[in-house]
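In: mind looking at a prediction? Sequence and model below.
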Amino acid sequence: MLKYVLAIMDLLDDPDADGKRAVAYLDSAAGPGGSGVEVTTVTGERGSTDFVRVRIPGRSGRAAGGPARTLGVVGRLGGVGARPEIAGLVSDADGAVAALSAAAKLLDMRRRGDVLEGDVVIATHICPDAPTAPHAPVPFMDSPVDIATMNRHEVTDEMEAVLSIDTTKGNRIINHKGLALSPTVKEGWVLRVSEQLGELLAVVTGEPLVTYPVTNQDITPYGNGVHHINSILQPATATSAPVVGLAVTSAAAVPGCQTGASHETDIAAAARFAVETAKAFGGGRLDFHDVAEFDNLVNRYGSLAHLQTFGHASRES
């Protein structure tokens, strides 16, 4: 996996990085017939970004009319660069690098004949000159487009579970360098950490499972005036599918707009985890949540889907 990470980082560490370059690289990994990558350029008030989405068809996947489930992998970030303010690849790029590396690996596996059971849909976006934003305890990377736009292009109805990969270093909560797994989030509910995903992550990293706390605030939409740890669980506001955040972490607080702060081996581990999750989820050997337990919670306490919305505007007393 590391060779894909190094190649993708070199591709994105460029003022002219864009979706077309990603397509060319993924096409080379896919071989004859190409990768089928879709690129959509979206322009906002503060610039533009290229959304990149690719489906890797499975042997018994939905695209072929089969019963195997579809996993969504989202590489979440504001931008891969913060030019002209800062030169180089920023820490925030880790999510995009991991997602594109996983896509390259899966396409290469399929070319060689190692075809997964289920489809995998991988999405991210590429912006080499994204704005930055103030945030405590360290500055964040912002984006030329809003979160709702990201979700429209990166989260699709066909995703039956979503693994969201994001740099989550700008905090003093996760004091661990490597990877950390969130609880499962579904329709406003913060559920228990998936034991199956936790066991798989421990196998992939060779280290004990590390998790991190998720609050109700973190799973509400950006723009509602409350603090969020970052955007890693924002896909959960746009789907009824279970969502899990895979955080690329550090032991010290690192700004998302910092260059020289991406650790290639950690990104490779995140991409490997995405690939192994795709194998197990599409093959029916792993679940993101306990369906019966979730149904019991909703039956007893009601829906929390209103947390996926902006809710009511604040009322002045």
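Out: Perfect, I can see it now.

In: and for the nearest residue to Asn151 once chain neighbours are set aside, the neighbour number?
Out: Of all residues not flanking Asn151 in the chain, Ala238 sits nearest, at 3.7 Å (Cβ to Cβ, 6 or more residues apart in numbering). No exception for glycine: its C-beta is placed from N, CA and C like everyone else's. Residues within reach of Ala238, counting by other Cβ atoms under 10 Å, total 21.

In: likewise for the one 3 residues further on?
Out: Using other Cβ under 10 Å, Ala241 has 23 other residues around it.

In: give me the element it is part of.
Out: Following DSSP states H and E, one finds Ala241 outside all helices and strands.

In: can you check Ser28 too?
Out: Counting by DSSP H and E, Ser28 is part of helix 19-30.

In: tell me how far the residue nearest to Asn151 lies from Leu106.
Out: Using Cβ to Cβ, to the nearest Å, we find Ala238 at a distance of 23 Å from Leu106.

In: ok, for Arg53, nearest residue in space, not its chain neighbours?
Out: Per Cβ to Cβ, 6+ apart, closest to Arg53 is Ala123, 4.2 Å.

In: please list all residues in contact with the one you found.
Out: 51-54, 72-75, 99, 153-156 (Cβ atoms under 8 Å, 6 or more residues apart in numbering).

In: in this structure, which strand is the longest?
Out: Secondary structure assigned by DSSP state E gives strand 47-56 as the longest strand of the chain.

In: about what we covered before: any idea how far Glu85 is from the residue nearest to Asn151?
Out: Distance from Ala238 to Glu85, by Cβ to Cβ: 30 Å.

In: next up, the contacts around Phe288.
Out: Contacts of Phe288 by Cβ under 8 Å, 6+ apart are 161, 184, 186, 194, 197, 242-244, 281.

In: nearest to Ile219, of those?
Out: Val243 (8.6 Å; Cβ to Cβ).

In: ok, now which ones touch Phe294?
Out: Contacts of Phe294 (Cβ under 8 Å, 6+ apart): 186, 189, 191.

In: these two touch, right, the second one and Leu304?
Out: Yes - Trp189 is within contact range of Leu304, at 5.3 Å (criterion: Cβ atoms under 8 Å).

In: who has more neighbours, those two?
Out: Neighbours per residue, other Cβ under 10 Å: of Trp189 and Leu304, the larger number sits with Trp189, 21 against 16.

In: quick check: next helix or strand after the worst-scoring helix or strand of the chain on mean pLDDT?
Out: Ranked by mean pLDDT, DSSP states H and E, the weakest helix or strand in the chain is strand 140-141, scoring a mean of 82. The first helix or strand that comes after strand 140-141 along the chain, using DSSP H and E, is helix 147-154.

In: hang on, the earlier thing: how about JSON lines for the contacts of Phe294, with pLDDT added?
Out: Formatted as JSON lines, the contacts of Phe294 follow (pLDDT from 0 to 100):
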{"residue": "Lys186", "pLDDT": "98"}
{"residue": "Trp189", "pLDDT": "98"}
{"residue": "Leu191", "pLDDT": "98"}
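
In: which non-adjacent residue is nearest Arg55?
Out: Val121 (5.1 Å).

In: can you list the strands that the helix or strand hosting the one you found pairs with?
Out: Assigned by DSSP H and E, Val121 falls within strand 120-126. Here strand 120-126 has these sheet partners by DSSP bridges: strand 47-56 (antiparallel), strand 71-75 (parallel).
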